[in-house]
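# Whatever this is, show me its structure:
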Amino acid sequence: EYLPHQQQVLRDHHRFKVLVWHRRARKTTTALTEIIKQALYRVGVYWYLFPTYGEAKDAVWREPEMLFRILPEQVIARTNETELVVYLKNRSVIQLKGADDPNALRGSGPVGMVFDEFAQIKEAAWSYAEPIIRANDGWAWFIGTPFGKNHLHKFYGWGQDKENREWKSWLLKASTSGIIKKEELEQSRRTKSQADFNQEWECEFLEGIGAVFRGVRDIATAEAQKPIDGHL
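Residues are numbered from 1 along each chain as shown. As a prediction, this is how the structure comes out:
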C-alpha cells in the first residue's frame, strides 16, 4: 500500500524528479516502483545508483523488502547477482550500480535512472549521465536527505521553479508526514545534535554540514591577486 506522498510522486508526469524526504519515508521503495513500472512499459536499460556498489547490494538486492518484493517474479527472465542485474522477459534490464566512479557510467545507454542518497554521490555522475538520458528521451530521479547545501539542494531548487517544466521537487518532514511516531522522534532529538536532527528528520538544508571547516565563506574576504613574476 502506497501512502499519499508516494502516490503523488508516482502520478506526476515531470521528467526529472527530486525527492527530499526524511529517513524511513520510503524513498527507495517509491523509486523502485517507478523504475520497475517504466521497465515494463518501455523496453530499455535502467540504472539504480547508490554512492557505492556495496550500498546498492545491501539496501536493494539483499534487503527482502525491496527489489524482489516489488518486482513480480513472473516478469523476471534471469538475474545476475555478481553484476546486480535483473533481466526481464520483455527484454528490459534493471541494473544496480555504484556511482563512486562517475567515469564508469559511460556504458550502455540507459533510458531511466535513479540516484539514491544523491547528496552523497558526486555531482559529476549526473554530468556524465545527462547527455545519455537526453539522447534517449529518458528520465531521472534524485532522492535523499540533505547533506549541507550541496548539489541536492541545487537540484531541489530547480524543481521548485514553476517555470521549469522538466523538473519537480518534493520535501517531506518527519514532523508532518506522520510516518515516525512522535515519541520516537523525541528520543532521537535527545541523542542527536540539533543540526543533525533538523537535517535528517526535518530535511533542512544547513550551510556547512558535511564540511571539514565551517563558516569559511564568512571570513574569506581577501581579494584575488595577480601572479608575481619570479615567485612560486
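
# and Lys173, what is it in contact with?
With contact taken as CB atoms under 8 Å, 6 or more residues apart in numbering, Lys173 is in contact with 22, 201-203. In short, each C-beta sits where N, CA and C put it, glycine included.

# any idea how far Phe50 is from Leu96?
Using CB to CB, to the nearest Å, one obtains 7 Å as the distance from Leu96 to Phe50.

# between the two, what contacts are shared?
If you check Leu96 and Phe50 against CB under 8 Å, 6+ apart, the residues they both contact are 56, 60.

# Quick check on those two: which one has the bigger neighbour count.
Phe50 (25 against 22; other CB atoms under 10 Å).

# my guess is that one contacts Gln95, does it?
No - between Phe50 and Gln95 there is no contact under CB atoms under 8 Å: 11.8 Å.

# pLDDT score for the closest residue to Thr28 other than its chain neighbours?
The shortest distance from Thr28 to any residue that is not its chain neighbour, by CB to CB, 6 or more residues apart in numbering, is 5.9 Å, and that residue is Asp116. The pLDDT attached to Asp116 in the predicted structure is 97.

# again with Leu32
The per-residue confidence score, pLDDT, reads 97 for Leu32.

# now it: how far from Leu185?
Distance, Leu32 to Leu185, by CB to CB: 26 Å.

# Arg26 now?
Separation of Arg26 from Leu185 (CB to CB) stands at 17 Å.

# just Thr33 next, same as before
Using CB to CB, Thr33 is found at 26 Å from Leu185.

# Equivalent analysis for Arg78, please.
Per CB to CB, Arg78 is found 43 Å from Leu185.

# which one of those two has more residues nearby?
Leu185 (15 against 9).

# Just the CA coordinates for the helix or strand harbouring that one, please, in PDB.
Secondary structure assigned from DSSP states H and E places Leu185 in helix 182-191. Output of helix 182-191 as PDB, limited to C-alpha atoms (Å, rounded to 0.1, in the frame of the first residue of the first chain):
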ATOM      1  CA  LYS A 182       6.300  11.500  17.900                       C
ATOM      2  CA  GLU A 183       7.800   9.700  20.800                       C
ATOM      3  CA  GLU A 184      10.500   8.100  18.600                       C
ATOM      4  CA  LEU A 185      11.300  11.500  17.100                       C
ATOM      5  CA  GLU A 186      11.700  12.900  20.700                       C
ATOM      6  CA  GLN A 187      14.000  10.100  21.600                       C
ATOM      7  CA  SER A 188      16.100  10.800  18.500                       C
ATOM      8  CA  ARG A 189      16.200  14.500  19.300                       C
ATOM      9  CA  ARG A 190      17.800  13.700  22.700                       C
ATOM     10  CA  THR A 191      20.600  11.700  21.100                       C
END
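
# in that helix, what's buried?
By neighbour count with 16 or more other CB atoms under 10 Å, helix 182-191 contains the buried residues Ser188.

# Report the distance from that helix to the chain centre.
With CA atoms, centre = their mean, to the nearest Å as the basis, helix 182-191 stands 25 Å off its chain's centre.

# what do you get for stretch 48-67?
Remark: stretch 48-67 is offset 13 Å from the chain centroid, using CA atoms, centre = their mean.

# No more questions from me, cheers.
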